[in-house]
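Undergrad: Model the structure of this input:
(2 chains)
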Amino acid sequence: AQKVTQTQTSISVVEKTTVTMDCVYETRDSSYFLFWYKQTASGEIVFLIRQDSYKKENATVGHYSLNFQKPKSSIGLIITATQIEDSAVYFCAMRVGGNYKPTFGKGTSLVVHP
Amino acid sequence: GPKVLQIPSHQIIDMGQMVTLNCDPVSNHLYFYWYKQILGQQMEFLVNFYNGKVMEKSKLFKDQFSVERPDGSYFTLKIQPTALEDSAVYFCASSPRDRRSSYEQYFGPGTRLTVL
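TA: Numbering: from 1, shown residues only, chains lettered A, B, ... in the order given. You can find the predicted model right below:
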């Protein structure tokens, strides 16, 4: 069975700084996909970024990047130059190859203040 | 970007009644999902659906739950009869049949179901 763990319940940062959110996963599959989603205060869920297990390069999209440490089963999300509107709950998720059912972590609440 | 719509945004019903939650997925997507999220908690997978069939379902997808997408219309989640513990926000998601996207999911805004 798969498991995704986000140990940080909430993080508070000052605007324009860099924040890292942790996520560790468990799977016996050699092929898997890792995702980060953002849920805003309105409840909207937005896909942010993805890392495929077979890729060594860390994914980057805009001011989001990933710190993929495969030996540690870790996929951290890094947000650089944070903005107030980055305040949201961030979910890490995993889907194993050939399986349609993703597993989500409990989420990390990020508050960005001036 | 692509949008998934959900109707209604909020539904209040009495325990024991039937409820149907509607989802209008992204037009060229082929895989559809329902998730349940109790306030402040993580999203829990309920079911996914492809080519007119349930592909996988979780333990949360009780016998009282059913899904369908008749003739390419709304993808629906029906609960009959409802129970108090069904109160939650239900999110619909869809994804394309595209290897490159690795089944990235696009989520709707959710339907808040309140069972009294």
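
Undergrad: so what's whichever residue of chain B sits closest to chain A up against?
TA: As assessed by C-beta to the nearest C-beta, chain A sits closest to B:F107 within chain B, at 3.8 Å. For every residue, glycine as well, the C-beta is placed using N, CA and C. Neighbouring residues of B:F107 by C-beta atoms under 8 Å, 6 or more residues apart in numbering or on different chains: A:Y37, A:E44, A:I45, A:V46, A:F47, B:V4, B:F91, B:C92, B:A93.

Undergrad: which among those residues gets closest to A:Q69?
TA: A:Q69 lies nearest to A:Y37 out of those, by C-beta to C-beta, at 20.3 Å.

Undergrad: ok, for the closest one, nearest residue in space, not its chain neighbours?
TA: Spatial nearest neighbour of A:Y37, excluding adjacent residues (C-beta to C-beta, 6 or more residues apart in numbering or on different chains): A:F91 at 4.6 Å.

Undergrad: about what we covered before: can you put the contacts of B:F107 in JSON lines and add neighbour count and secondary structure?
TA: Putting the contacts of B:F107 into JSON lines (neighbours: other C-beta atoms under 10 Å in any protein chain shown; DSSP: H, G, I helix; E, B strand; the rest coil) gives the following:
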{"residue": "A:Y37", "neighbour count": "24", "secondary structure": "strand"}
{"residue": "A:E44", "neighbour count": "14", "secondary structure": "coil"}
{"residue": "A:I45", "neighbour count": "23", "secondary structure": "strand"}
{"residue": "A:V46", "neighbour count": "13", "secondary structure": "strand"}
{"residue": "A:F47", "neighbour count": "19", "secondary structure": "strand"}
{"residue": "B:V4", "neighbour count": "22", "secondary structure": "coil"}
{"residue": "B:F91", "neighbour count": "27", "secondary structure": "strand"}
{"residue": "B:C92", "neighbour count": "29", "secondary structure": "strand"}
{"residue": "B:A93", "neighbour count": "28", "secondary structure": "strand"}
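
Undergrad: At the geometric centre of chain B, which residue sits there?
TA: Centroid-nearest residue in chain B, with C-alpha atoms, centre = their mean: B:W34, separated by 2.9 Å.

Undergrad: for that residue, helix, strand, or coil?
TA: For B:W34, the assignment made with DSSP: H, G, I helix; E, B strand; the rest coil gives strand.

Undergrad: B:E85 now?
TA: Per three-state DSSP, B:E85 ends up helix.
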